[in-house]
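>>> Have a look at this fold, sequence not included:
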């Protein structure tokens, strides 16, 4: 989950990890843990191991990949790159 938090920080905040506070990283981890990860896991898009704090995409994510790519391509306001 730490790598995921850093990737989100880098993408959303356009800031190198070395230049941010641990507090901001903690906020991202909390949002992931309490909001985003449970929703994605409930939808069957990811599997999450809370003991290892490990997130893995499922086959469902692979099925959604073309749709997500189309949404990203269709929305000029999205900042790129978004790697799926």
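Arrived safely, thanks for sending. As the structure is a prediction and not an experimental result, all values here were calculated from the model.

>>> could you point out where this protein is predicted with low confidence?
Within the chain, the stretches with pLDDT under 70 are 78-84.

>>> What ranges does it have for its helices?
Residue ranges of the helices in the chain, as given by DSSP state H, are 2-13, 22-31, 37-42, 59-74.

>>> Quickly note the distance from the closest residue to residue 8 other than its chain neighbours to residue 77.
Using Cβ to Cβ, 6 or more residues apart in numbering and skipping the chain neighbours, the partner closest in space to residue 8 is residue 28 (5.4 Å). In short, each C-beta sits where N, CA and C put it, glycine included. Distance, residue 28 to residue 77, using Cβ to Cβ, to the nearest Å: 21 Å.

>>> Residue 1 too?
28 Å.

>>> Look at the two and report which has more neighbours.
Counted by other Cβ atoms under 10 Å, residue 1 and residue 77 do not tie: residue 1 has more neighbours, with 17 against 4.

>>> so that one sits right up against residue 31, yeah?
No - counting by Cβ atoms under 8 Å, residue 1 stays clear of residue 31, with 11.2 Å between them.

>>> if we can go back for a sec, show me the one of the helices of the chain that comes nearest residue 53.
Checking the helices of the chain against residue 53 by Cβ to Cβ gives helix 2-13 as the closest, at 7.1 Å.

>>> I'd like the helices of the chain as a markdown table, with mean neighbour count and distance to residue 49 appended.
Below are these laid out as a markdown table (neighbours: other Cβ atoms under 10 Å; distance: least, Cβ to Cβ, whole Å):
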| stretch | mean neighbour count | distance to residue 49 |
| --- | --- | --- |
| helix 2-13 | 14 | 13 |
| helix 22-31 | 13 | 15 |
| helix 37-42 | 14 | 10 |
| helix 59-74 | 12 | 16 |
